[in-house]
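Novice: Whatever this is, show me its structure:
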Amino acid sequence: MMQGVGNIFKIPDLRKKILFTLLMVVVYRLGTHIPTPGLNPQAVGVLLGQMRGTVFGLYDLFVGGALTRGSVFALGVMPYISASIMFQILGSVFPKLQKLQQDEEGRRKVNQYTRYFTVVLALLYAVGIAVFLEGQPPVELPDGRVVPLVSQTGFILRLLTIFTLTTGTIFLMWIGELITEKGIGNGISFLIFIGCLDRIPTDLGRTIQQVAAGELSWFVLVVLVAVILFTFGAMVLMTQAVRKIPVQYPKRVIGRRIYGGQSTFIPLRVNTAGVIPIIFAQSIMMIPGTVAAFFGKTNFTEGLQLWLQPGRPLYDGLYAFCIIFFAYFYTSIVFNPQDIANNMKRMGGFVPGIRPGARTAEYINTVLSRITLPGAIFLAFVALMPWWLIKGLGVSFFFGGTTYLIIVGVALDTIQQIESHLLMRSYEGLLKGSKIRGRR
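Specialist: Numbering: from 1, shown residues only. From the prediction side, this is the model:
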């Protein structure tokens, strides 16, 4: 392992990519601590800290705490993620957009449309945040002082807040694309990955303090560590698990050359939808808390929140159902068996024992539906496990399934890209840690 890490810095191109990525990460983290002009970061942090069970809390999780700090990067890259998901969904509805996504030139146009729509979404999010914060009463800080959330009210403050937050999102979108082009890994995903790491040091420190103070026993700590390690291992396994469908291509004679005659496979991922089903399900389950935060507590919202508290059977059942539903829904959007079957038929490929065309598409869809179920059930387990740990072991921090799924997924993707650079230059893989092969 250490030998493999050392090999990274022996390749000038890879070394530059990693250093550039780290530099962009430093820029991003610095920006998450620069307050937006006109906002009181402490007051914003206290207000939004009281709303962790709402959509604001979920949003803050993905932007690395930038929202509760009231920073210039408070919106993060989530408008870009929302725009990308929206275009994926629209691509399955409108054939023209779907056709654009099938070739390189068309994908460039779709990416350009996504950027434009990101700016529109960022403007809408920024307007909502500016109006919401301006309409809130002063909050009490931990030291007892009562301070307003904004330094002044009016059109100028709104305009300044909207401009700052929107510009911050555009800047982060640019940084993400720079990382993808000149760094290592997918830039946008990497920024979300860094944001998800934000709370881990705090959670570790709080756990150590609890053990030192005797609030958490060593037995509970050992059980907690074992559960976390097991869960991480299961996440890695489920993220990389694929069902391979064999495909045979016949031999073709073109001129004096023989092409084809080879066997390959179609890799169907067990967890094709990734972390998206949990995000969608969390957004739906947080609607009651968000409504109560906006419109105040009434008998209806309080009763709804009481029944939909995490850990209650109704909440757990609805949450698991939503995750399983969105796992199938999003998988049907991002993976089209009919296109795969048509491409295979056009190239002369076939699944042994299955007729090409519609029967092949039906077979692939059946296999995909079967393997999606265990993946969706695993996602539901990972999403519900934090509440079981809090209730069963008395853990004070939230071991978020969404956060750690993102961390595992992006980390594996980045490691695979680093390994591909090593193997291309006759080095063995990062995780093998053996000697260098071939030329330097």
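
Novice: CA atoms for contacts and neighbours, from now on please.
Specialist: OK.

Novice: remind me which residues of the chain are low pLDDT?
Specialist: 1-7, 51-54, 152, 251-261, 289-298, 300-302, 304-305, 393-401, 425-440 (pLDDT under 70).

Novice: Can you give the domain ranges for it?
Specialist: Per the record, the chain has its domains at 1-199+429-440, 241-396, by automatic domain parsing.

Novice: So which residues make contact with the helix or strand harbouring residue 60?
Specialist: Assigned by DSSP states H and E, residue 60 belongs to helix 55-62. Helix 55-62 is contacted from outside by 48-49, 51-52, 66-68, 74, 76, 78, 192, 195-196, 282-283, 286-287, 290, 403, using C-alpha atoms under 8 Å, 6 or more residues apart in numbering.

Novice: switch to 7 Å and redo it
Specialist: With C-alpha atoms under 7 Å, 6 or more residues apart in numbering as the contact definition, helix 55-62 has outside contacts at 48, 51, 66, 67, 68, 192, 195, 196, 283, 286, 290.

Novice: So which of these sit within helices?
Specialist: Those of the contacts of helix 55-62 mapping onto helices are 48, 192, 195, 196, 283, 290, per DSSP state H.

Novice: mind giving me CSV with these and columns for neighbour count and distance to residue 99?
Specialist: Listed next are those as CSV, based on neighbours: other C-alpha atoms under 10 Å; distance: C-alpha to C-alpha, whole Å:
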residue, neighbour count, distance to residue 99
48, 18, 42
192, 23, 29
195, 24, 34
196, 23, 35
283, 16, 31
290, 21, 38
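
Novice: so which of those residues would you say is closest to residue 352?
Specialist: residue 192 (41.7 Å; C-alpha to C-alpha).

Novice: Distance of the closest one relative to residue 76?
Specialist: 8 Å (C-alpha to C-alpha, to the nearest Å).

Novice: now the helices for the stretch 1-150 of the chain?
Specialist: 2-8, 12-31, 41-49, 55-62, 78-91, 95-100, 104-134 (DSSP state H, counting those that start in this stretch).

Novice: how far out from the middle of the chain is the last one?
Specialist: By that I understand helix 104-134. 18 Å (C-alpha atoms, centre = their mean, to the nearest Å).

Novice: and it, what other elements does it pack with?
Specialist: In terms of contacts (3 or more C-alpha pairs under 7 Å, 6 or more residues apart in numbering; DSSP states H and E), helix 104-134 is packed against helix 78-91, helix 155-182.

Novice: cool, and the fifth one?
Specialist: In this structure, helix 78-91 packs against helix 104-134, with contacts taken as 3+ C-alpha pairs under 7 Å, 6+ apart.

Novice: circling back to that earlier point, include mean neighbour count when you put the helices and strands packed on helix 104-134 into JSON lines, please.
Specialist: Output for the helices and strands packed on helix 104-134, formatted as JSON lines (neighbours: other C-alpha atoms under 10 Å):
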{"stretch": "helix 78-91", "mean neighbour count": "19"}
{"stretch": "helix 155-182", "mean neighbour count": "19"}
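
Novice: Can I get those helices in JSON lines including distance to residue 118?
Specialist: Output for those, formatted as JSON lines (distance: least, C-alpha to C-alpha, whole Å):
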{"stretch": "helix 78-91", "distance to residue 118": "5"}
{"stretch": "helix 155-182", "distance to residue 118": "8"}
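
Novice: which of the domains of the chain is buried the deepest?
Specialist: domain 1-199+429-440 (a mean of 18; mean count of other C-alpha atoms under 10 Å).

Novice: re earlier: among the helices of the stretch 1-150 of the chain, which is nearest residue 213?
Specialist: helix 41-49 (24.8 Å).

Novice: Do you have the helices of the stretch 301-440 of the chain handy? List them.
Specialist: Assigned by DSSP H, counting those that start in this stretch, the stretch 301-440 of the chain shows helices spanning 313-334, 337-346, 358-393, 401-424.

Novice: Tell me which of these sits nearest to residue 227.
Specialist: helix 358-393 (9.2 Å).

Novice: Packing partners of the closest one?
Specialist: Under the contact criterion of 3+ C-alpha pairs under 7 Å, 6+ apart, helix 358-393 touches helix 313-334, helix 337-346, helix 401-424.

Novice: relative to helix 401-424, how tilted is that helix?
Specialist: 120 degrees (axes from the mean of the first three to the mean of the last three C-alpha atoms, to 10 degrees).

Novice: pretty sure residue 280 is in a helix, no?
Specialist: Yes - using DSSP: H, G, I helix; E, B strand; the rest coil, the assignment for residue 280 is a helix.

Novice: how much space between residue 190 and residue 85?
Specialist: 17 Å.

Novice: Which residues are in contact with each of residue 192 and residue 76?
Specialist: residue 63.

Novice: nearest residue to residue 183 other than its sequence neighbours?
Specialist: residue 17 (4.1 Å; C-alpha to C-alpha, 6 or more residues apart in numbering).

Novice: Contact partners for that neighbour?
Specialist: 182, 183, 184.

Novice: CSV for those residues, including distance to residue 410?
Specialist: Below are the contacts of residue 17 laid out as CSV (distance: C-alpha to C-alpha, whole Å):
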residue, distance to residue 410
182, 17
183, 14
184, 11
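
Novice: Now flag whichever of the residues you listed is closest to residue 26.
Specialist: Distances from residue 26 to the contacts of residue 17, taken by C-alpha to C-alpha, are shortest for residue 183, at 13.5 Å.

Novice: Now do that closest one against residue 132, distance only.
Specialist: Separation of residue 183 from residue 132 (C-alpha to C-alpha) stands at 37 Å.

Novice: Format the helices and strands packed on helix 358-393 as TSV; extra columns: distance to residue 97.
Specialist: Conversion of the helices and strands packed on helix 358-393 to TSV gives the following (distance: least, C-alpha to C-alpha, whole Å):
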stretch	distance to residue 97
helix 313-334	13
helix 337-346	15
helix 401-424	27
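
Novice: Quick one: closest of the ones you listed to residue 219.
Specialist: Taking those one by one with C-alpha to C-alpha, helix 401-424 is closest: 22.7 Å.

Novice: and the closest one, what does it pack onto?
Specialist: Using 3+ C-alpha pairs under 7 Å, 6+ apart, helix 401-424 is in contact with helix 187-196, helix 218-240, helix 358-393.

Novice: Using CSV, please lay out the ones you listed together with distance to residue 168.
Specialist: Output for the helices and strands packed on helix 401-424, formatted as CSV (distance: least, C-alpha to C-alpha, whole Å):
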stretch, distance to residue 168
helix 187-196, 13
helix 218-240, 32
helix 358-393, 30
